[in-house]
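[1] Structure for this input, please:
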Amino acid sequence: MKLYDLPASPNARRVRIFVAEKGLDIPKMEVDLSTGYNKTPEYLEKNILGLMPVLELDDGTTISESHAICRYLEEIHPEPPLMGGDARERAHVEMWNRRMEHYLLLPLVSAFVHSHPMWKGIREQVPEYAKVCQNQARAALKWLESSLDGRDYIALDDYSVADITAQCAVLMGKAVEVRPDENHPNINNWWARVSGRPSARV
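    Take a look at the predicted model:
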């Protein structure tokens, strides 16, 4: 297998953390956007959207979208389980992972795309939309704070892919001035716990 990676991408980071938590050694190829390789016919055959991450299997099959990659790896390497151990746990992890993705990570990514100079001329930027997205993410932090009351992790008693998605969202939030503060003690305690894991350094 080979993982096509983009170090700065929060979605690529989700896969790197997942791989590290599984204890897997998957060769990586860092895609340099400045060369335009991700827009070449060769790469577009791997992912028609030209995005990262992409997991290329030994038979040449390619899987893109971070959650799909993680799902595949969970199926072929079920230990340690990061998506739940039974039907109830798997549904609960999926529920929380989708919440972390749709209500926290994606608004923060959109806020970055619509406000940061690096995207000027690449994407149509709507600064007002960036502010809307920031507020959506702040609202998500508020109910996440409440949900973490008395809990060590987001979905289960143990670390899961929902925590990974939230980790990457918190890191993304720093770039758009949306971060947990003194009003989020539960999130801060959770952050200290998850950011101290060896996988957080990948």
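[2] Over to Lys28: give its phi and psi.
    Torsion angles at Lys28 (phi, psi; degrees, to the nearest 10) stand at phi -120, psi 150.
[3] got the domain boundaries for the protein?
    The chain is divided into the following domains under automatic domain parsing: 2-76, 87-201.
[4] Is it possible to get JSON lines of these that adds mean neighbour count and mean pLDDT?
    Glycine gets a C-beta too; all of them are placed from N, C-alpha and C. Below are the domains of the chain laid out as JSON lines (neighbours: other CB atoms under 10 Å; pLDDT from 0 to 100):
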{"stretch": "domain 2-76", "mean neighbour count": "16", "mean pLDDT": "97"}
{"stretch": "domain 87-201", "mean neighbour count": "17", "mean pLDDT": "95"}
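[5] where exactly do the helices run in the chain?
    10-22, 41-46, 66-76, 87-100, 106-113, 127-147, 161-173, 185-195 (DSSP state H).
[6] Dump the ones you listed to TSV, plus distance to Val31.
    TSV is the format used below for the helices of the chain (distance: least, CB to CB, whole Å):
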stretch	distance to Val31
helix 10-22	9
helix 41-46	8
helix 66-76	14
helix 87-100	25
helix 106-113	18
helix 127-147	26
helix 161-173	18
helix 185-195	26
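[7] Select, out of those, the one closest to Tyr4.
    helix 41-46 (6.8 Å; CB to CB).
[8] Show me what the closest one packs onto, helices and strands only.
    strand 62-64 (3 or more CB pairs under 8 Å, 6 or more residues apart in numbering; DSSP states H and E).
[9] so how far is the strand it packs on off the chain centroid?
    Remark: strand 62-64 is offset 16 Å from the chain centroid, using CA atoms, centre = their mean, to the nearest Å.
[10] ok, and what's touching that strand?
    Residues from elsewhere that reach strand 62-64 (CB atoms under 8 Å, 6 or more residues apart in numbering): 45-47, 49, 51, 53-57, 69, 72.
[11] Relative to Arg151, which of those is nearest.
    Ile69 (26.9 Å).
[12] Double-check that closest one against Arg16; I have them as touching.
    No. In this structure Ile69 lies outside contact range of Arg16 using CB atoms under 8 Å: 10.4 Å.
[13] Find residues that contact each of those two.
    Shared contacts of Ile69 and Arg16, counting by CB under 8 Å, 6+ apart, come down to Leu3.
[14] Can you report how many residues lie near Pro81?
    18 (other CB atoms under 10 Å).
[15] any idea how far it lies from Pro7?
    27 Å (CB to CB, to the nearest Å).
[16] same question, Asp157
    According to CB to CB, Asp157 stands 32 Å off from Pro7.
[17] do Glu42 as well
    Taking CB to CB, one finds Glu42 at 21 Å from Pro7.
[18] What residues does the closest residue in space to Val176 that isn't next to it in sequence make contact with?
    Nearest non-adjacent residue to Val176, counting by CB to CB, 6 or more residues apart in numbering: Ala111, 4.4 Å away. By CB under 8 Å, 6+ apart, Ala111 lies in contact with 130-131, 133-134, 137, 176, 178.
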